[in-house]
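# please find the sequence and the predicted model below.
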Amino acid sequence: MSIRTSRDRVAGSLRNLQLSWTTVVLTAALAALASIFVMITLGGAVGAIERLTPPFQRWIRDSIIIFPVFVLAVVGAMYTAKKLVGDKKSWVKMAATLAIVIGFVTVVGILVNAASSGYDYYLQLKLLQVSEHLRHPTYLIQNGTPVLVGGKGACDMTCQAQHATLAGHMKGLGITSIVLLISNTALVLWAVAIRGGRLWMPAKQRRAAAVGTQRMPVLAEAVA
């Protein structure tokens, strides 16, 4: 009974949002495709060589897997915008909603890229640990003099490789965060432009939905 009640509450909340679901789906799909494309590009630059799935196949597969998360992000952003802006002027509501949607999908995209980068780093550390058994003496040239790397408390070549790998991932995430912000801004604006600036239901559909919502309790009492 509680599950059914919770489901009814969620359905009622979604109806009250009065979203244009075509816009929601289109925006989420574009954001998912862009985020996974950037993720694969980042993996190609600093990722682990073990992940050998063909890029196009992985792009489509991962975009489909992550798509529901971006739908939730867009819905959550529009819910947040409606709570914050309320019934203010239409252009204020539109601008605030677009800004929040862009922010939400960009954060989700960054988190997806960070998770993938973290897994790449984990795989790369395993390779470094396997290669450590060689233990050849390593020298660095400092001021024209070869200096043995190693010893107690020193960062040997494996340690330095780990630091360099981590630094590469952090730099890559910084660049991809900027790329995601720019691409998501362009894609969200494009999606809304394709839909003629429509983020919410048309007025006629909103009135019909409101009438339907009012009739539901009456029907429920009649059935009871």
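Sure, I can see it.
# pretty sure Gly196 sits in a helix.
No: counting by DSSP: H, G, I helix; E, B strand; the rest coil, Gly196 is not found in a helix; it is coil.
# and the pLDDT for it?
Here, the pLDDT recorded for Gly196 equals 84.
# mind listing what's buried along stretch 31-46?
Within stretch 31-46, the residues that count as buried by 16 or more other CB atoms under 10 Å are 31-43, 46. The way it works is simple: take the backbone N, C-alpha and C, and place the C-beta from them, glycine included.
# between these, which is nearest Ser177?
Nearest to Ser177 among the buried residues of stretch 31-46, counting by CB to CB, is Val38 at 9.4 Å.
# so who does that closest one touch?
Gly109, Asn113, Thr176, Val179, Leu180, Ser183 (CB atoms under 8 Å, 6 or more residues apart in numbering).
# could you pull up the residues touching the second one?
For Asn113, the contacting residues are Ser35, Val38, Met39, Leu42, Leu173, Thr176, Ser177, Leu180, by CB under 8 Å, 6+ apart.
# if you look at those, which of them are in helices?
Members of these lying in helices (criterion: DSSP state H): Ser35, Val38, Met39, Leu42, Leu173, Thr176, Ser177, Leu180.
# got the residues you listed as CSV, with distance to Ile194 and pLDDT columns?
As requested, those are exported to CSV (distance: CB to CB, whole Å; pLDDT from 0 to 100):
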residue, distance to Ile194, pLDDT
Ser35, 19, 96
Val38, 22, 96
Met39, 24, 95
Leu42, 28, 92
Leu173, 30, 95
Thr176, 25, 95
Ser177, 26, 96
Leu180, 20, 96
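# noted, bye for now.
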